[in-house]
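Undergrad: mind folding the following:
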Amino acid sequence: MRDALALRRYLSRYTEDGLPAPHFTRPHWDSALVLPAYREQPALLQRLARLPAGSGRTLVVLVLNRPDSDLDPRANAALRDALQNPARPRAMRDTVAVYPLAPQVDLYLLDLEMLRGPTPRAQGVGLARKTGCDLALQWMDGGGISGQWLCSTDADATLPPDYFARLQTAAPDAVAAVFPFHHTAGTDTACNAATALYELRLHHYVLGLEYAGSPYAFHTLGSCLAVRATAYAHVRGVPRRAGAEDFYLLNKLAKLGPVSRLQGETISLQSRFSTRVPFGTGPAVAAIAAAGNPRGAALFYHPHGFSALAALLDSLPALAEVPQQDMAALLVKRDHRGEQLSPALARQAAAALETLGITPALQHCRRQTTSAAQFQRHFHQWFDGFRTLKFIHALRDSGLPPCSLQDLASLAPQLWPRATTVQDPAAIAAAVREHWCWR
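TA: Residues are numbered from 1 along each chain as shown. Purely as a prediction, here's the structure:
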């Protein structure tokens with residue numbers, strides 16, 4: 001009942017305006033895949049034609065968009081012209097015109113640039129992804145799509161053969177699922193090296209959260225994400241942001257229920273320089289490559305920060321029971337996997353937590369709960385993925401310096417899946433994928 005109410009409320013109040021809402025006489029598609037596109041080439045259509053088969057026909061919602069910071073009106077012309085070529089056939093699904101790319105793949109062009117003009121720069125890819133997901137949600141509700149997952153990817157992604165089938169392995173109560181990924185090497189060796197290190201940086205952070213026992217230990221990439229339709233409605237869709245929309249979406253979803261970390265073959269992402277978003281993979285890879293000596297660059301959070309996080313999360317039973325206590329003294333007593341915090345690090349962590357407002361947060365959690373389990377649920381609603389990241393940043397800014405790949409080999413805790421002195425990013429990434437049962 002709550003899901004139905006949330007869906008009705010979202011569809012009536014929060015979906016983007018002006019989306020086509022055709023009447024469907026039957027389901028035409030089993031799966032929906034939303035893909036924002038900006039300055040992409042026609043070769044994208046060939047890759048989409050090779051999408052893996054689901055249990056039925058797949059609808060790709062291609063959201064063509066251009067930020068208003070790009071003044072070139074022909075930024076998307078190549079892809080638009082390739083689709084609208086008179087030689088390319090179109091088909092009707094009830095009253096909807098689609099492009100059949102393959103026997104089981106239809107593409108619907110949602111051209112935001114033609115519909116509304118350029119996208120506000122501050123809303124960027126988030127608005128594009130939200131608009132595409134909103135359309136797919138409306139068509140699910142209208143009977144045109146039988147599936148209940150809103151799948152999201154990007155133009156640089158190649159999906160594994162069992163992509164759609166694998167969603168059936170997600171936990172029954174999962175609100176979202178994240179797919180494993182890896183970056184494939186291209187022809188630019190500098191780009192490849194920088195991308196490999198950036199991927200390791202992403203893995204190292206999630207491994208650190210996993211080590212600490214955080215419920216937010218999952219990757220947050222819009223290219224590797226699927227959201228259950230009712231959960232999408234509960235959190236009011238994708239945030240309209242020019243970047244990190246995937247992080248903030250999953251941060252909200254994880255407060256509703258579990259996020260499944262799917263196992264199996266990876267989504268392949270192209271190694272490429274990109275300025276399509278103001279921050280994220282493309283700009284980060286370009287910055288790493290431009291700095292020179294990427295393996296010596298301080299790209300990784302200091303592992304001691306994850307020790308401090310583990311101490312905090314291990315302290316929750318005590319924090320639930322004792323109203324007033326010395327946070328630093330409590331943290332230094334925590335023993336996580338045989339390790340204890342130094343008094344200096346405990347003081348840093350306590351100061352960072354006070355800056356984040358932990359004292360009133362704990363008071364609220366105690367007032368609202370009657371059991372340790374309820375206390376922990378309330379605490380993780382407050383100390384979410386965003387505050388976890390702010391905590392790690394606060395420790396960095398108070399004197400816990402970032403590390404290079406070489407530095408990590410001599411620092412505890414060792415977060416890589418197995419202790420190694422190997423400095424080859426590709427070899428370490430392969431070990432990480434094996435650790436998470438990725439292949």
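Undergrad: got the contact list for the nearest residue to D314 once chain neighbours are set aside?
TA: Leaving aside its sequence neighbours, D314 sits nearest to R334 (C-beta to C-beta, 6 or more residues apart in numbering; 4.4 Å). The C-beta positions use only the backbone N, C-alpha and C, and glycine is treated the same way. Contacts for R334 (C-beta atoms under 8 Å, 6 or more residues apart in numbering) come out as A310, A311, L312, D314, S315, Q340, L341.
Undergrad: which of those residues has the largest number of neighbours?
TA: Most neighbours among these, by other C-beta atoms under 10 Å: L312, with 28 neighbours.
Undergrad: quick one: contacts for that residue?
TA: Neighbours of L312 in contact, by C-beta under 8 Å, 6+ apart: A212, L331, R334, A349, L353, F383, F391.
Undergrad: show me where the stretch 301-439 of the chain has its helices.
TA: Remark: helices assigned in the stretch 301-439 of the chain by DSSP state H, counting those that start in this stretch are 303-314, 316-321, 327-333, 343-356, 358-368, 372-382, 385-397, 405-408, 425-435.
Undergrad: could you tell me the least trusted of those helices?
TA: Mean pLDDT is lowest for helix 425-435 out of these, coming in at a mean of 83.
Undergrad: before we move on, back to that, want to throw the contacts of L312 into a markdown table with distance to L64?
TA: Compiled in a markdown table, the contacts of L312 are given as follows (distance: C-beta to C-beta, whole Å):
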| residue | distance to L64 |
| --- | --- |
| A212 | 41 |
| L331 | 50 |
| R334 | 51 |
| A349 | 46 |
| L353 | 45 |
| F383 | 39 |
| F391 | 39 |
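Undergrad: can you tell me which of those is nearest W416?
TA: A212 (15.4 Å; C-beta to C-beta).
Undergrad: that closest one contacts L313, doesn't it?
TA: Yes. Using C-beta atoms under 8 Å, A212 is in contact with L313, at 5.7 Å.
Undergrad: of those two, which one has the most company?
TA: Neighbour count, other C-beta under 10 Å: between A212 and L313, A212 has more, with 24 against 21.
Undergrad: how about the contacts made by the more buried one?
TA: F306, S307, L309, A310, L312, L313, H336.
Undergrad: mind running it again at 7 Å?
TA: F306, L309, A310, L313 (C-beta atoms under 7 Å, 6 or more residues apart in numbering).
Undergrad: any idea how far A43 is from A82?
TA: 9 Å (C-beta to C-beta, to the nearest Å).
Undergrad: of these two, which one has the most company?
TA: Ranked by neighbour count (other C-beta under 10 Å), A43 and A82 place A82 first, with 15 against 12.
Undergrad: nearest spatial neighbour of that one, skipping sequence neighbours?
TA: Distances taken as C-beta to C-beta, 6+ apart place P42 nearest to A82, at 3.6 Å, with adjacent residues excluded.
Undergrad: so what's the residue count around that neighbour?
TA: P42: 13 neighbours (other C-beta under 10 Å).
Undergrad: my read: it touches N76, true?
TA: No. Using C-beta atoms under 7 Å, P42 makes no contact with N76, being 11.0 Å away.
Undergrad: show me where the protein has strands.
TA: Counting by DSSP state E, the chain has strands at residues 31-37, 58-64, 91-93, 96-102, 105-111, 149-152, 157-158, 176-178, 181-184, 225-228, 259-261, 267-270, 335-336, 339-340.
Undergrad: on that earlier part again, relative to Y198, which of the helices of the stretch 301-439 of the chain is closest?
TA: helix 425-435 (9.3 Å).
Undergrad: show me what counts as buried in the closest one.
TA: P425, A426, I428, A429, V432, R433 (16 or more other C-beta atoms under 10 Å).
Undergrad: distance from stretch 42-55 to the middle of the chain?
TA: Offset of stretch 42-55 from its chain centre (C-alpha atoms, centre = their mean, to the nearest Å): 22 Å.
Undergrad: one more: stretch 361-381?
TA: For stretch 361-381, the distance to the chain centre is 27 Å (C-alpha atoms, centre = their mean).
Undergrad: next: stretch 38-54.
TA: With C-alpha atoms, centre = their mean, you get 21 Å for stretch 38-54.
Undergrad: what residues sit buried inside it?
TA: Y38, R39, E40, L44, L45, L48, L51, P52, A53, G54.
Undergrad: turn those residues into TSV, including pLDDT and distance to A244.
TA: Formatted as TSV, the buried residues of stretch 38-54 follow (pLDDT from 0 to 100; distance: C-beta to C-beta, whole Å):
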residue	pLDDT	distance to A244
Y38	96	17
R39	95	20
E40	95	21
L44	96	24
L45	96	28
L48	95	25
L51	94	27
P52	90	28
A53	79	32
G54	73	29
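Undergrad: reformat those residues as CSV; add distance to Q414.
TA: Output for these, formatted as CSV (distance: C-beta to C-beta, whole Å):
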residue, distance to Q414
Y38, 40
R39, 41
E40, 40
L44, 40
L45, 45
L48, 41
L51, 39
P52, 36
A53, 41
G54, 40
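Undergrad: closest to L107 out of those?
TA: Nearest to L107 among those, with distances taken as C-beta to C-beta, is L48, at 6.5 Å.
Undergrad: was I right about that closest one contacting L101?
TA: Yes. Between L48 and L101 there is a contact under C-beta under 7 Å: 5.5 Å.
Undergrad: any shared contact partners between the two?
TA: Common neighbours of L48 and L101, using C-beta under 7 Å, 6+ apart, are L107.
Undergrad: show the contacting residues for the residue nearest to A82.
TA: Counted by C-beta under 7 Å, 6+ apart, P42 has contacts A78, L79, A82.
Undergrad: for it, grab phi and psi.
TA: Torsion angles at P42 (phi, psi; degrees, to the nearest 10) stand at phi -60, psi -20.
Undergrad: tell me the pLDDT at it?
TA: pLDDT at P42 comes out at 96.
Undergrad: likewise R337?
TA: 72.
Undergrad: backbone dihedrals for it, please?
TA: phi 60, psi 40.
Undergrad: please tell me how far the residue nearest to L202 when sequence neighbours are not counted sits from E210.
TA: Using C-beta to C-beta, 6+ apart and skipping the chain neighbours, the partner closest in space to L202 is H219 (6.3 Å). Separation of H219 from E210 (C-beta to C-beta) stands at 11 Å.
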